[in-house]
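Trainee: next input, structure requested:
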Amino acid sequence: MTDKPTKQPKFDLDLHTYRLLQSEPFFSALSRRINKSQTNSIPTAGVCLNEGSGTFEMLYNPEFFERLTDVQKLGVLKHEFYHIIFDHVTGRLPPEGMSKLWNVATDLAINSFLMDELPEGGCIPTRGVFASYPKEQSAEWYYSKLQQDQQNQEGAYDPKHGQQGDGEGEGQGKGQGTPDSMDDHSGWGESDEDTKQMAKERMRQAVEDAVKEVANRGQGWGTIGQGMQERIIDMITPKVDWKKVLRYFIKTSQRSNKRSTVRRVNPRYPYIHAGKKVNRTAKIAISIDQSGSVSDSMLSAFFSELNGLSKLAEFTVIPFDTQVDESKVFVWKKGQRRATERVLCGGTCFNAPTDFVNKHGGFDGHIILTDMEAPKPVASKCQRIWFTSEYHAKNPYFSTNEKVIGIPIE
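Mentor: Numbering: from 1, shown residues only. Presented below is the predicted three-dimensional model:
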């Protein structure tokens with residue numbers, strides 16, 4: 001009598017995750033916040049949105065994982081986590097909707113960071129049929145590139161069959177098969193907006209918690225490079241609309257000038273006491289750094305917004321570099337429109353415009369447009385706020401408790 005061979009249990013990813021992620025503190029922290037489920041309904045792996053719970057879930061085929069090396073298992077895990085981090089699951093789809101082109105584009109965006117960690121056949125920038133595709137571009141960039149190649153070249157990528165070339169030696173790929181997406185992307189973008197927003201916020205919180213865990217334990221980020229670390233931190237950082245902040249600062253700087261008038265009825269004592277007429281005004285100092293590192297595009301964006309806000313206040317524009325040339329200072333009257341201009345050129349000293357505002361007095365607020373590349377100035381006698389590029393908002397030359405707002409520059 002021979003014993004029947006014992007059936008080997010299916011590969012259980014949960015039993016291997018800790019070992020695989022020992023050298024990846026960030027992904028390890030994130031992995032604990034994502035459910036993983038076995039399934040034979042997909043050939044490899046994939047991430048999706050669980051409609052019932054409004055959470056992200058990783059699905060995987062155990063037979064697929066059994067065939068992989070440890071390096072490849074880890075690479076696939078990171079690939080799936082990156083899909084969630086990059087908001088590919090719940091983000092906006094291209095106008096054409098879900099397609100193989102979009103599948104390939106999202107994989108190209110991720111695999112730039114996993115060059116030698118994935119099973120064969122993946123979509124890798126700079127390699128194979130994607131040799132002309134640079135690394136570390138967005139999914140939207142790769143999608144546009146794929147579309148252009150498809151339109152401009154015979155035998156370019158065929159989204160119906162995942163082929164490049166016509167199989168007859170014609171076209172760029174000379175009949176080579178173009179890799180399709182390695183994993184399963186079905187169901188992306190199909191959930192209702194409320195469910196997607198709930199899942200996005202939960203995942204943003206999960207990523208934020210993972211970042212804090214890495215920072216608190218002092219273990220480092222593993223193989224994640226500095227550029228990707230900054231990108232992940234930027235994704236979880238609440239975005240500030242600089243235009244709304246600028247408007248709010250100006251409006252909250254307005255003073256109320258009240259005077260009696262018999263032409264306005266007093267609502268509490270009609271026709272007994274005179275009414276009050278309220279005139280809200282604001283006198284705002286706007287100091288504009290004239291150094292060359294303040295880009296023309298930032299100046300243009302700032303002036304454009306001020307043109308729209310000039311109906312709320314009177315601006316005193318103070319161009320400065322290492323000093324204030326008072327002959328260049330001008331008053332921007334309410335309702336006026338002004339063209340962008342640069343009138344000085346030199347270094348930067350923030351004491352110069354601050355001393356000017358403190359000396360002349362009467363200002364309700366002080367706005368400084370600058371690259372922040374100078375020492376911390378003396379205290380301001382009125383509330384002060386700083387507008388700069390997003391980079392300099394994150395990397396200021398000095399620390400301050402005053403608000404520093406980044407302006408995105410194209």
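Trainee: every contact and neighbour count from this point should use C-alpha atoms.
Mentor: Will do.
Trainee: any regions of the stretch 201-350 of the chain where pLDDT drops low?
Mentor: 254-281, 292-293, 340-346 (pLDDT under 70).
Trainee: what residue lies at the spatial centre of the chain?
Mentor: residue 235 (5.0 Å; C-alpha atoms, centre = their mean).
Trainee: how about it, secondary structure?
Mentor: Using DSSP: H, G, I helix; E, B strand; the rest coil, the structure places residue 235 in helix.
Trainee: contacting residues for it?
Mentor: residue 204 (C-alpha atoms under 8 Å, 6 or more residues apart in numbering).
Trainee: where's it relative to residue 205, distance?
Mentor: According to C-alpha to C-alpha, to the nearest Å, residue 235 and residue 205 sit 11 Å apart.
Trainee: and if you look at residue 94?
Mentor: In this view, residue 94 and residue 205 are 26 Å apart by C-alpha to C-alpha.
Trainee: ok, residue 181 next?
Mentor: Distance from residue 181 to residue 205, by C-alpha to C-alpha: 28 Å.
Trainee: those two: who's more crowded?
Mentor: Higher neighbour count among residue 181 and residue 205: residue 181, with 20 against 13, using other C-alpha atoms under 10 Å.
Trainee: so the more buried one is in which element?
Mentor: Counting by DSSP states H and E, there is no helix or strand that carries residue 181.
Trainee: quick one: what helix or strand has the residue lying closest to it once chain neighbours are set aside in it?
Mentor: Distances taken as C-alpha to C-alpha, 6 or more residues apart in numbering put residue 104 closest to residue 181, at 5.2 Å, once the chain neighbours are dropped. Assigned by DSSP H and E, residue 104 falls within helix 100-111.
Trainee: for residue 288, same thing?
Mentor: Per DSSP H and E: strand 283-289 holds residue 288.
Trainee: starting at the chain centroid, how far to the next helix or strand after that strand?
Mentor: Reading on from strand 283-289 to the C-terminus, the next helix or strand found by DSSP H and E is helix 296-309. Helix 296-309 sits 22 Å away from the centroid of its parent chain (C-alpha atoms, centre = their mean, to the nearest Å).
Trainee: tell me the angle helix 296-309 makes with strand 283-289.
Mentor: Interaxial angle of helix 296-309 relative to strand 283-289 (axes from the mean of the first three to the mean of the last three C-alpha atoms, to 10 degrees): 170 degrees.
Trainee: put the alpha carbons of helix 296-309 into CSV.
Mentor: C-alpha atoms of helix 296-309 as CSV (Å, rounded to 0.1, in the frame of the first residue of the first chain):
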residue,chain,number,x,y,z
ASP,A,296,9.4,85.7,-14.7
SER,A,297,6.7,83.0,-14.6
MET,A,298,6.3,83.4,-10.8
LEU,A,299,6.2,87.2,-11.2
SER,A,300,3.6,86.9,-14.0
ALA,A,301,1.4,84.5,-12.0
PHE,A,302,1.5,86.8,-9.0
PHE,A,303,0.7,90.0,-10.9
SER,A,304,-2.1,88.3,-12.7
GLU,A,305,-3.7,87.3,-9.4
LEU,A,306,-3.2,90.8,-8.0
ASN,A,307,-5.0,92.3,-11.0
GLY,A,308,-8.1,90.4,-10.0
LEU,A,309,-7.7,91.3,-6.3
